[in-house]
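Q: Sequence first, predicted coordinates after that:
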Amino acid sequence: MTKNLDKYKGIIPAFYACYDDEGNVSPERVQKLAKYYLGKGVKGLYVGGSSGECIYQTVEERKLVLENVMKAVGGQMTIIAHVAAPSTRDSIELAKHAEKLGVDALAAIPPIYFVLPEPAIEAYWTSIMEATNLDFIIYNIPQTTGYALSENLFKKMMTKEQVIGVKNSSMPVMDINMWKLRAPKENIIFNGPDEQFVGGRVMGADAGIGGTYGVYPELLLEADRCVREGELDKALEIQLCVNDLISQLTSFKGNLYDVMKLILAQRGVAVGRARYPLPHVEESEMDRVTKVRENIDKAIEKYVG
Ligand SMILES: CC(=O)N[C@@H]([C@@H](O)[C@H](O)[C@H](O)CO)[C@@H](O)CC(=O)C(=O)O
């Protein structure tokens, strides 16, 4: 059966965890943020990943988030649910729940905490995949999981009908090129590191899923358009600007996600703060958050208008 992979091609922000002022998952805020991105014209949302603070949430909280994303924008944009959890059992429960809600695809990092041997990783991904009929995306992020996807496991996984490709967050752009060239069938490769979105796209990525897209989707949408239409000078200019903004976003004592949530709040989309142990931005840094937000606004004005 031919799959519709076009629905994944484009800019897909990694959805942030939305909490109320007490730090509980807020269904209203989840819906508001999802609609905010729908209004920005992005292709889809990647829900429950690192940016969604998945490892700090219970299975029930993760279900609540996805339910409310689907309530707000389901059927109107592509939804990829990241379902990896410490146990295979919980991952399967999340996968089945996501399928019932009607998401487009599942994604999963390798097993969390212990760096297990490759056959265990294969068994983990396969168990999640076989629990549903959904498209499945392998998530390669060696810097946080300790496991770098091998060509051998990639090829084995790609023989399975449901496996459509890789969200590649390893730093070498060449990895993207390798998945693209060595895939035994039509596939979709997502660029992971926002710092190399343009590089990843030029080297074969069909799309991007990113943690910082959420505070400037306009810039990524424009960079993506430039790549598609061969305006590579402008694409590179936007990439350098994004990289400068990422340096600013990561220059706080508070965690990147906390910084980005404060920026969204300044835009009228309050989503709470990052969940501890992720460190919060300090009071003394708040003025600088505003400065970074202004710099983002200026960049959007400059490159998108
Ligand atoms: C390690 C990490 O979180 N990487 C991010 C990047 O988008 C990252 O936030 C960005 O490149 C800034 O460093 C994504 O690849 C992953 C991601 O956003 C997610 O799983 O939610």
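A: Nice, I can see it. None of these values were measured; they are calculated from a predicted model.
Q: you'd agree residue 159 is up against residue 153?
A: No. Contact criterion Cβ atoms under 8 Å: residue 159 and residue 153 do not qualify, at 11.0 Å. All C-beta atoms are positioned from the backbone trio N, CA, C, and that covers glycine.
Q: which one of the two has more residues nearby?
A: residue 153 (18 against 9; other Cβ atoms under 10 Å).
Q: I figured the more buried one hits residue 118, correct?
A: Yes. Contact criterion Cβ under 8 Å: residue 153 and residue 118 qualify, at 5.7 Å.
Q: can you list the weak-confidence ranges in the protein?
A: Along the chain, the model assigns pLDDT under 70 to residues 1.
Q: residues from the chain in reach of the ligand?
A: By the rule Cβ under 6 Å from any ligand atom, the part of the chain lying against the ligand is 14, 49-51, 144, 169, 192-195, 210-212, 246.
Q: where exactly do the strands run in this protein?
A: Assigned strands in the chain, in chain order: 11-13, 44-47, 78-82, 105-108, 135-140, 163-168, 188-191, 207-210 (criterion: DSSP state E).
Q: Go through the ones you listed and name the closest to residue 94.
A: With Cβ to Cβ as the criterion, residue 94 lies closest to strand 78-82 of those, at 7.3 Å.
Q: what comes into contact with stretch 280-295?
A: Applying Cβ atoms under 8 Å, 6 or more residues apart in numbering, the external contacts of stretch 280-295 come out as 215, 245, 248-249, 251-255, 258-259, 262-263, 266-267, 273-274.
Q: Any chance you could give me it in CSV, C-alpha atoms only?
A: Extracted in CSV, the C-alpha atoms of stretch 280-295 (Å, rounded to 0.1, in the frame of the first residue of the first chain):
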residue,chain,number,x,y,z
HIS,A,280,13.7,28.1,36.2
VAL,A,281,14.8,31.4,34.8
GLU,A,282,15.7,33.6,37.8
GLU,A,283,14.0,36.9,38.6
SER,A,284,17.1,38.8,37.8
GLU,A,285,17.1,37.4,34.2
MET,A,286,13.5,38.3,33.4
ASP,A,287,14.4,41.6,31.6
ARG,A,288,16.7,39.6,29.4
VAL,A,289,13.9,37.3,28.4
THR,A,290,12.0,40.3,27.1
LYS,A,291,15.1,41.4,25.2
VAL,A,292,15.4,38.0,23.5
ARG,A,293,11.7,38.0,22.6
GLU,A,294,12.2,41.4,21.0
ASN,A,295,15.2,40.1,19.1
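Q: What are the buried residues along that stretch?
A: 280, 281, 285, 289, 292, 293, 295 (16 or more other Cβ atoms under 10 Å).
Q: quick revisit: out of the contacts of stretch 280-295, which end up buried?
A: 215, 245, 248-249, 252, 254-255, 258-259, 262-263, 266, 273-274.
Q: ok so, going back, just the buried ones out of the residues of the chain next to the ligand, please.
A: 14, 49-51, 169, 192-195, 210-212, 246.
Q: Make TSV from the strands of the chain and add distance to residue 21 to it.
A: Below are the strands of the chain laid out as TSV (distance: least, Cβ to Cβ, whole Å):
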stretch	distance to residue 21
strand 11-13	23
strand 44-47	22
strand 78-82	26
strand 105-108	30
strand 135-140	32
strand 163-168	32
strand 188-191	33
strand 207-210	27
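Q: For the closest residue to residue 148 other than its chain neighbours, the count of nearby residues, please.
A: Nearest residue to residue 148 in three dimensions, chain neighbours excluded: residue 142, at 4.0 Å (Cβ to Cβ, 6 or more residues apart in numbering). Other residues within reach of residue 142, judged by other Cβ under 10 Å, total 16.
Q: So residue 142 versus residue 56, what's the distance?
A: Taking Cβ to Cβ, to the nearest Å as the measure, residue 142 falls 21 Å from residue 56.
Q: No more questions from me, cheers.
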